[in-house]
Structures are given as structure tokens and as C-alpha cells.
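K.L.:
what's the 3D shape of this:
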Amino acid sequence: MKHMSIAVALVLLLALAGCGGVPSPVVQSTPAPTEAPTEAPAAETSMAENEGAAGSTFGEAWESVDCESIDVAPTVAAVADCGLVTVPANRANGSDQLIQLAVVRINSPSEAPGAPVFLGTGGPGGYGFLRVQKALDSLNWPATHAALLANHDWVYFTQRGTKGANPELKCPAVDSVSLDTALEGWDEDQSIETFTQTLQECYDTLTEQGINLDGYNSVENAEDVNDIRQALGYDQIIYYGQSYGTQLGQFVMRQHPEILQAVILDGVVPVEFSTYAQTQNMGEAFQRVFAACEADDDCSANYPDLENTLAQVYDALQANPATIETVSEGVTQTLYIDGLAVMSGLATELYGGGANVPHLIYALKDGDLAALKQMAPSDSPLSPHARMMNYAVNCSDDPN
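P.N.:
As a prediction, this is how the structure comes out:
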């Protein structure tokens, strides 16, 4: 980008999200796959005598549980099997430690359904039950997805380390650093120092609990998909991946092509993608928004010189952060919105395509209160995103 101030902001955003923030913990790089597909240690387990829908038989790794206990919406639970699948914590090092993954199979009404669809969610660290959780029961997933269910079971699973799995690699203190920064008005150095210290403390806590983060990588994650398949008694599956789930799908394809009837990768993240090169990608994304606006007569007329305007907004708020008031649990709190908060908020907008970014930039330039509030970090430390799992997988898959 033309303006050094914005480039610096993007680097700072990366520092608040990357492996480089923690000096001590070192996660081993993801082990290379074997040349030929291999079965996980639990691959040929005998089948337990408990029946699932349509007469399918669960494997010994499966433990049926009440759907409510794993946050599954009642409308989904009415037509689903819910359970925990036990898998090795680290197959690569031969550890006998076990972990559990929560799984919900939404059953097709067909007496002879085709191959089931397994959904690999994004992140890494995203909540596997996000669309079927109790809080979204009013959406009635089975009714709105009846066409999908007509001939296929649909399987949601929580990836290792995410919400619903045991253990869950969460770190509420790290999740709240952005909010604490806004509440306290910290500068970049203080924010990064706090983030780094908090991340180290979370790492230490997890290791003291006996959790080895070396086992949290895409190779192990792909083996989990195969173990879940076996626990549900399927010969083959249709794998559908979104975001990081597309990258995970490529690991499944490489390690277990024999189990895949079909693969759908929705928005492909290539396996060679360097996660922590995303600062450059973010800058390119902003440049595309600027160029698209300039090429559009209406946009360029209403929002001229967009890049310079954003640089001015960033510099002004870095020098003199705006203050806004929000209400959290009945308590009014004052937040400081600086240039870095604006860049973070606008970067989030890019995930939705960025169409609203030009308007937001000019609204911020004019000191629009609603736009400033849109830049505010979340007031809840209880994020469904397992941040420590995200860092463990990214640092293992992409240690450089």
C-alpha cells in the first residue's frame, strides 16, 4: 500500500494473531504423510452392539450422549444421533493419551441414503456446531435443509481442541485483549506486550494440564475425520469443506482417498498457503476494494481518493483515539477506538466481500458514531473460536 502507516497497522494486526507473538513455546512442524494412505490405529475396531438410525452400527470409539449436553438444537436433536468419538491425542508420537470429539449425525429420512456429507468447518478453531447449536434452534436446520437430507445423512463434528471437544484449547484471557485495549486505551506496544504475556500464560496452563500441542495439526485432524467415519459405520463419505475446512479436506484426500466418494471444497485454501503471510494478502484485499471503487462511477463519485482517506482516518485516530460508550450486561463502558481498531474492523468487513468498506471509511472520516461502534471489539470473552487450537495448527502446519 502507498501509506506506511496503514502497512504498519497491518503488521501490528498480524502480530496480535500470529505464532511470532510467543517467544518460548515451539510446536513441531506437521509430520509428512506416508506415501500410501494408512489407517489410524483405531481403524479396524470391532463394532459395538448399539444401533444408530437406519440400522447402522456404531464403532467402539462412539459413545452416545444426550444431544442437549453437547449444545445441539432441539429441532436437530429430534432427527439426529449425538455422541463423543474417542481418538488418539497424538498418533505420530505413539502416545496412549486419548481425546474426545463431539459429533452429531442428522439422519436422512431415506431408508437407503447415499454417502453421508461430513462438514469440515473453518478456522482452524471454528465451532463445528455453529449452525446447529441450541441458540439457533429457531432456524430449524432440518426443515431448511430438507433437500440435502432427502438422500444423505449430514455429519457435523467438532475438530480436536475446539468447542465441544475434550480438551478444548480455549483462552478467554487472550480473547479479551482487544476489548481490554479499547477499555484501557493501550497503545500498540502495551497491547502486543499484554497479548504476548497472556498467550504465554495460556500455553503454560495447557501444558501443565498435560496437553501436548504437537498433536494439534492438520495431519492428526485428517485422521480424526477417518476415525469419525469408522465410528459411524460408513464405508465412504462426501467431504464438504469451508475455509480452513478446505485445507483439511486436502489432507484427508492425501491421507485417505479411499474413503472419499466425493469432495467439495468451498473457497479453496491451498495446503501450501502460508498463514502468516496474510498481512500482504490483507493489503492486496484493500487495494482491490480501492481499485473497484475507483473503477465504478457511483462509488468514485461518492467516495473519492479512498486510500488517502483511510490513511488520514488511521493517522488521526492513532494520534487521538475516539471514545464511544457501549452497554454490556447493563453496565455502560467507555471504549477507545484508535487506528488499529479501525483497521481490524475493516479487515473483518473484507470477509463479507468489502462492499461496505468505502462507505465505512467516509463515515469514520466524518466521526459517525454508528461506524465507530462497528469498529469496537466484542464485549464477550466467551468466543466459540478456539484460539489456542488455531495457533497450534497454524504454527505446526506453517512453522515459518
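K.L.:
burial of Arg288, as a residue count?
P.N.:
Residues lying near Arg288 (other C-beta atoms under 10 Å) number 12. Bear in mind the C-beta positions are built from the backbone N, C-alpha and C, glycine included.
K.L.:
got it, and the one 10 residues further on?
P.N.:
Other residues lying near Asp298 total 8 when counted by other C-beta under 10 Å.
K.L.:
helix or strand right after the host helix or strand of it?
P.N.:
Assigned by DSSP states H and E, Asp298 belongs to helix 297-302. Downstream of helix 297-302, the first helix or strand assigned by DSSP H and E is helix 306-319.
K.L.:
just the buried residues of the helix holding Asp298, please?
P.N.:
Going by neighbour count (16 or more other C-beta atoms under 10 Å), the buried part of helix 297-302 is Cys299.
K.L.:
do the same with stretch 368-377
P.N.:
371-372, 374-377.
K.L.:
export these as a markdown table, with columns for distance to Leu139.
P.N.:
Conversion of the buried residues of stretch 368-377 to a markdown table gives the following (distance: C-beta to C-beta, whole Å):
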| residue | distance to Leu139 |
| --- | --- |
| Ala371 | 29 |
| Leu372 | 31 |
| Gln374 | 24 |
| Met375 | 28 |
| Ala376 | 27 |
| Pro377 | 26 |
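K.L.:
any chance of these in JSON lines, with distance to Ser396, pLDDT and secondary structure too?
P.N.:
Listed next are these as JSON lines, based on distance: C-beta to C-beta, whole Å; pLDDT from 0 to 100; DSSP: H, G, I helix; E, B strand; the rest coil:
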{"residue": "Ala371", "distance to Ser396": "38", "pLDDT": "94", "secondary structure": "helix"}
{"residue": "Leu372", "distance to Ser396": "38", "pLDDT": "93", "secondary structure": "helix"}
{"residue": "Gln374", "distance to Ser396": "34", "pLDDT": "91", "secondary structure": "helix"}
{"residue": "Met375", "distance to Ser396": "32", "pLDDT": "91", "secondary structure": "coil"}
{"residue": "Ala376", "distance to Ser396": "33", "pLDDT": "87", "secondary structure": "coil"}
{"residue": "Pro377", "distance to Ser396": "27", "pLDDT": "82", "secondary structure": "coil"}
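K.L.:
ok, the residues you listed vs Gln333, which is closest?
P.N.:
Nearest to Gln333 among these is Ala376, at 10.0 Å by C-beta to C-beta.
K.L.:
could you find the closest non-adjacent residue to the closest one?
P.N.:
Leu335 (5.3 Å; C-beta to C-beta, 6 or more residues apart in numbering).
K.L.:
helix or strand for that neighbour, just tell me which one.
P.N.:
Going by DSSP H and E, Leu335 is in strand 331-337.
K.L.:
scan the chain for its longest helix.
P.N.:
Counting by DSSP state H, the longest helix found in the chain is helix 188-208.
K.L.:
list the helices and strands the helix holding Asp298 packs on?
P.N.:
helix 278-295, helix 357-365 (3 or more C-beta pairs under 8 Å, 6 or more residues apart in numbering; DSSP states H and E).
K.L.:
distance to Pro384 and mean pLDDT added to those helices, as a markdown table?
P.N.:
Output for the helices and strands packed on helix 297-302, formatted as a markdown table (distance: least, C-beta to C-beta, whole Å; pLDDT from 0 to 100):
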| stretch | distance to Pro384 | mean pLDDT |
| --- | --- | --- |
| helix 278-295 | 21 | 85 |
| helix 357-365 | 25 | 97 |
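K.L.:
can you tell me which of these is packed in deepest?
P.N.:
Of the helices and strands packed on helix 297-302, the one with the most neighbours on average (mean count of other C-beta atoms under 10 Å) is helix 357-365, at a mean of 21.
K.L.:
the nearest residue to Ser64 once chain neighbours are set aside bridge partners, please.
P.N.:
Distances taken as C-beta to C-beta, 6+ apart place Gly83 nearest to Ser64, at 4.8 Å, with adjacent residues excluded. Beta-bridge partners for Gly83, by DSSP bridges, are Ser64, Val103.
K.L.:
for Gly83, give its distance to Asp305.
P.N.:
Distance of Gly83 to Asp305, given as C-beta to C-beta, to the nearest Å: 57 Å.
K.L.:
higher neighbour count, these two?
P.N.:
Using other C-beta under 10 Å as the criterion, Gly83 and Asp305 rank with Gly83 on top: 25 against 13.
K.L.:
so for the more buried one, what's the pLDDT?
P.N.:
With respect to pLDDT, Gly83 has a value of 98.
K.L.:
buried set for the strand holding Leu335?
P.N.:
335-337.
K.L.:
could you export the residues you listed to a markdown table, including columns for pLDDT and distance to Gly267?
P.N.:
Converted to a markdown table, the buried residues of strand 331-337 look like this (pLDDT from 0 to 100; distance: C-beta to C-beta, whole Å):
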| residue | pLDDT | distance to Gly267 |
| --- | --- | --- |
| Leu335 | 90 | 32 |
| Tyr336 | 92 | 34 |
| Ile337 | 93 | 30 |
